[in-house]
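# sequence and predicted structure, then a few things I'm wondering about:
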Amino acid sequence: MGGFDELHQGKVALDWADEKLDSRLRGVRGLRADGPLRAGPRKAPSWQRGGDVRVIVRLDVLDDAVRAALADAGLTIVRESQQRALVEGWAPAGGLRAIAALDGVRSVQPADRGQTQQITSGGDAASRANLARQMLGVTGLGVRVGVISDGIDGFASSRAAGELPADQPVPAGCSAGSGSEGTAMLEIVHDLAPDATLLFASGIDSPMAFVEAVQCLRNAGANVIVDDLGFFGEPYFQDGDLAVAVREAVQAGVSYYTAAGNSAFVHYQAPFRASPQPNSHNFHNFSTDGGNDIKNAVSIPPGGSLLCVLQWDDEFGHAGDDYDLLLVDQKGNPMAASNNVQNGDDDPLEILVARNDSATQEVGGLMIERSRGAAKTLELFCVRDVEGMQYVMAGSSIFGHAAVREATTVTAIDTADPGLDLVERFSSQGPVQLAFPPEMRPKPDLAGFDGINTSVPGFAPFFGTSAAAPHVAAVAALMLQRNPALTPADVQATLKETAVDIGPAGFDDMAGAGRLDALAAVRAVCVSDAECDDGDACTIDRCQGGRCTHASCDDGNPCNGVETCAPDGGGCLPGVPPPDGTPCPDGTLCNGDETCAGGVCTPGTPPICDDGDTCTEDTCEPQTGCQFPPLTGVASICCFLERGLPDCGGSALPRATRVRFAKAARLADCGSTVARRPQKQRVRLRAAARVLKRAELAVDRARRRLSHDCINTLQRALGDARQRARAAAQALQ
């Protein structure tokens, strides 16, 4: 396709250090500089300060020697994660390549700022929290509620207006941040739970800042935490660092609440479909009606900007399938692009930023190009000033830490809705579809309220799931005052069980369990066994952990029948065992199909896991059955090299490619009986990766005499081999 050759050539020509740099940091060759649509944001991004940029550096290991090397290269570290081998810091823009070139650096990316979930109180009455306070005497006394958002500008004004208590909400070590959304959220919590102790920590500056804020509030003794932030660079198909931090907080006893997001109309997800158009096979076809459309039209208002994030279902840190995201103008000229290199140890992530410099609305076309690899499931978000996207999918638009099962994810209902039964159309929807491990999570959990008034300028009214989440967090504080023994799981289950069902009967992907009902939720919290008597003589009623339990006679063994109870005092009566051979699955697939035999559940015949591929491992996972992950380490690259180059339908392969492929095989030392030291082997594998890169360049130079399909096949194979060699070398660290 005309206009794209320089983009492709520029990416292929990247050297080892440049490949580690995010495309926003190194620039992209081949973009047009004229016209109303331009690459980049309207103003300097949050990660840029004068000539310095704030970056997150992913490393093989983090130790004193690495810190010293990073400092020598110009990086000033501001926060780090020893466990995840990550550092965040400031560096001169001109020194980023030197950082990327350091041995042990895996990637260098901008430290992207989070997005608040605001589209721009009556929620007290709508949730019936006012009745819970009046009738049950709960006010949140003794409960500490932490809020994570942008900042608490205007806190003093809200306090002077009597909307917030006098206590300073920022604990020692936490950040007050900047912005006013945090103040508006604190006001909502205070309205519903006026005697709860309020805490605040800003977490919007970067993903690492968010993790730091969660930990800071935990250290300050928060019983409840609520946030309204979304980081669109966090993984969509697996749990990332933020999700892990939230889960760990819940496991430590914190009841956690988060905004579902407002991305229903700026989200797209679909398996990659190759365009049927000649010379466009590597572009995704957005059309689903048998047509061909390789552009997803997106509207940008005059003076506006957009942020588009593409991910696909490769594992973070291990992506070998390479996709690019492009924005073209109405003539098809590339105006902005994100073309990071994914070669086996990278993130499946492309982030494109563009702006409209004109005085009228402009429509661009988003294009997704498969540079190398398999057809994967694609997921795309476009936020900021986007006024419309042609191809959208509201479902599965919840991601990141909002997808954590243990957290309570909150969608929004406008308090002005007469029936309080319609979820805001912009609210992100479930379910959450993960690939690592394969899992479907029902989300959101329930609906709170927006369209409420606060005293904070710009938040009257306050719309979005940012407003809805603190309503639910405040009700959790009322429940915990009534019985502090409630676990986070108890609170979440009770909130969902007492929610008012709206929309389709039962749980649904828009409203979850339904509308928040504070009075019902607090009433459902017990403090004694007497409160739990259900009047059934065949149940044992207990108040355990603040929730009523009603144990029955059935022991849960399907092979001895279902036990029943005689209400007249006969006690539990045995059941009738089912016939031998009745299934009794235990949820583990690796021991075969369990069946009943003589009242006992017996295992079946384990499956034979063998896919016939010598380049994969044959394993069995209890939940998913037979799995065939690719070999790792030196075995991975050797297996691939021993297969040889793919056939191109009779076309003669470039001699330089064949020679360099053979040299890579010699460097990898496949089949050798000589045991080399890890350091020496690592050097040879890295040399093999560089030789394979040159073999790939030789293919690109033969573009005129090789078919388009042949070039793609060879480059995918060589790129795969190169990433395997690099991964094997890194495994020897």
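Okay, I see it.
# quick one: least confident helix or strand in this protein?
When the helices and strands of the chain are scored by mean pLDDT, DSSP states H and E, strand 571-573 comes last with a mean of 76.
# so for the helix or strand just after that strand, what's the average pLDDT?
Downstream of strand 571-573, the first helix or strand assigned by DSSP states H and E is strand 595-597. Averaging pLDDT along strand 595-597 gives 94.
# can you give me the strands in the stretch 1-150 of the chain?
According to DSSP state E, counting those that start in this stretch, the stretch 1-150 of the chain carries its strands in the segments 37-39, 48-49, 52-59, 76-81, 86-92, 105-110, 115-116, 144-149.
# just checking, what packs against the longest one?
By that I understand strand 52-59. Counting by 3 or more Cβ pairs under 8 Å, 6 or more residues apart in numbering; DSSP states H and E, the packing neighbours recorded for strand 52-59 are strand 86-92, helix 96-100, strand 105-110. All C-beta spots, glycine's among them, are computed from the backbone N, C-alpha and C.
# in TSV: these, plus distance to N356.
As requested, the helices and strands packed on strand 52-59 are arranged in TSV below (distance: least, Cβ to Cβ, whole Å):
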stretch	distance to N356
strand 86-92	30
helix 96-100	28
strand 105-110	21
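# redo those as JSON lines? Include distance to A270, mean pLDDT and mean neighbour count.
Rendered in JSON lines, the data for the helices and strands packed on strand 52-59 read as follows (distance: least, Cβ to Cβ, whole Å; pLDDT from 0 to 100; neighbours: other Cβ atoms under 10 Å):
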{"stretch": "strand 86-92", "distance to A270": "31", "mean pLDDT": "93", "mean neighbour count": "20"}
{"stretch": "helix 96-100", "distance to A270": "33", "mean pLDDT": "92", "mean neighbour count": "21"}
{"stretch": "strand 105-110", "distance to A270": "26", "mean pLDDT": "92", "mean neighbour count": "21"}
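# ok, back up a step: between the strands of the stretch 1-150 of the chain, which one is nearest to V211?
Between V211 and the strands of the stretch 1-150 of the chain, the shortest separation by Cβ to Cβ is 7.3 Å, and it involves strand 76-81.
# and the closest residue to S81 other than its chain neighbours, backbone torsions?
By the measure of Cβ to Cβ, 6 or more residues apart in numbering, the closest residue to S81 outside its immediate chain neighbours is M208, 6.6 Å from it. Comment: the main-chain dihedrals of M208 come out as phi -70, psi -30, following degrees, to the nearest 10.
# tell me who's in contact with M208.
Applying Cβ atoms under 8 Å, 6 or more residues apart in numbering, one finds that M208 lies in contact with 56, 79-81, 86, 88, 111, 241.
# if we go to 10 Å?
If a contact means Cβ atoms under 10 Å, 6 or more residues apart in numbering, then M208 has 56, 78-81, 84, 86-88, 111, 241-242, 245 as its contacts.
# could the strands of the stretch 1-150 of the chain go into TSV alongside distance to F283?
What follows is the strands of the stretch 1-150 of the chain, written out as TSV (distance: least, Cβ to Cβ, whole Å):
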stretch	distance to F283
strand 37-39	19
strand 48-49	31
strand 52-59	29
strand 76-81	37
strand 86-92	34
strand 105-110	25
strand 115-116	28
strand 144-149	39
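# and of those strands, who's closest to E369?
With distances scored as Cβ to Cβ, the stretch of those nearest to E369 is strand 37-39 (16.2 Å).
# low-confidence ranges in the stretch 501-650 of the chain?
Within the stretch 501-650 of the chain, the stretches falling below the threshold (pLDDT under 70) are 567-571.
# pLDDT on the strand or helix carrying A435, on average?
Mapping A435 onto the secondary structure by DSSP H and E places it in strand 432-435. Taken as a whole, strand 432-435 carries a mean pLDDT of 95.
# show me what the helix or strand just after that strand is packed up against.
Counting by DSSP H and E, the next helix or strand C-terminal to strand 432-435 is strand 438-441. For strand 438-441, the packing partners by 3 or more Cβ pairs under 10 Å, 6 or more residues apart in numbering; DSSP states H and E come out as strand 432-435.
# CA-only coordinates of the strand it packs on, as PDB, when you get a sec.
Extracted in PDB, the C-alpha atoms of strand 432-435 (Å, rounded to 0.1, in the frame of the first residue of the first chain):
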ATOM      1  CA  VAL A 432     -14.300  -9.800  31.500                       C
ATOM      2  CA  GLN A 433     -12.500 -12.200  29.200                       C
ATOM      3  CA  LEU A 434      -9.000 -13.200  30.200                       C
ATOM      4  CA  ALA A 435      -6.500 -15.400  28.400                       C
END
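# and that strand, how far out from the chain's middle?
Counting by Cα atoms, centre = their mean, to the nearest Å, strand 432-435 is centred 9 Å from the centre of its parent chain.
# contact partners of the strand holding A435?
Outside of strand 432-435, the residues within contact range by Cβ under 10 Å, 6+ apart are 235-239, 269, 312-315, 376-377, 379, 395-400, 402-405, 409, 439-444, 509.
# do stretch 644-661 as well
Applying Cβ under 10 Å, 6+ apart, the set of residues contacting stretch 644-661 from outside is 641, 662, 665, 688, 690-702, 705-707, 709-711, 713-714, 716-718, 721.
# now that stretch: buried residues?
Using 16 or more other Cβ atoms under 10 Å as the test for burial, stretch 644-661 gives 645, 653-654, 657, 660-661.
# residues touching stretch 590-603, excluding its own?
Contacts of stretch 590-603 from elsewhere in the structure, counted by Cβ under 10 Å, 6+ apart, are 557-561, 575, 577-588, 604-607, 609, 619-626.
# buried ones in it, by neighbour count?
If you call a residue buried by 16+ other Cβ under 10 Å, then stretch 590-603 has these buried ones: 590, 594-596, 601.
# stretch 351-366 now?
Buried positions in stretch 351-366, judged by neighbour count with 16+ other Cβ under 10 Å: 351-356, 358, 362-366.
# among those residues, which are in strands?
When DSSP state E defines the strands, the subset of the buried residues of stretch 351-366 inside them is 351-356, 362-366.
# in TSV: these, plus pLDDT and distance to D227.
Conversion of those to TSV gives the following (pLDDT from 0 to 100; distance: Cβ to Cβ, whole Å):
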residue	pLDDT	distance to D227
I351	96	22
L352	95	26
V353	93	24
A354	92	28
R355	91	28
N356	91	31
E362	91	34
V363	94	34
G364	94	32
G365	95	34
L366	97	29
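# ok, the residue nearest to S81 to Q83 distance?
12 Å (Cβ to Cβ, to the nearest Å).
# how is this protein divided into domains?
Partitioning the chain according to automatic domain parsing yields domains covering residues 18-114, 116-263+398-523, 266-389, 559-614, 633-731.
# doesn't Q277 belong to a strand?
No. Judged by DSSP: H, G, I helix; E, B strand; the rest coil, Q277 forms no part of a strand; its state is coil.
# report the contact partners of the residue nearest to it when sequence neighbours are not counted.
With sequence-adjacent residues excluded and distances taken as Cβ to Cβ, 6+ apart, Q277 is closest to N292, at 5.3 Å. If you count contacts by Cβ under 10 Å, 6+ apart, N292 has them with 273, 275-277, 280, 283, 285-286.
# Q342: which of those residues is nearest?
Using Cβ to Cβ, F283 is the member of the contacts of N292 that lies nearest Q342, at 17.1 Å.
# that's all I had, so thanks and see you.
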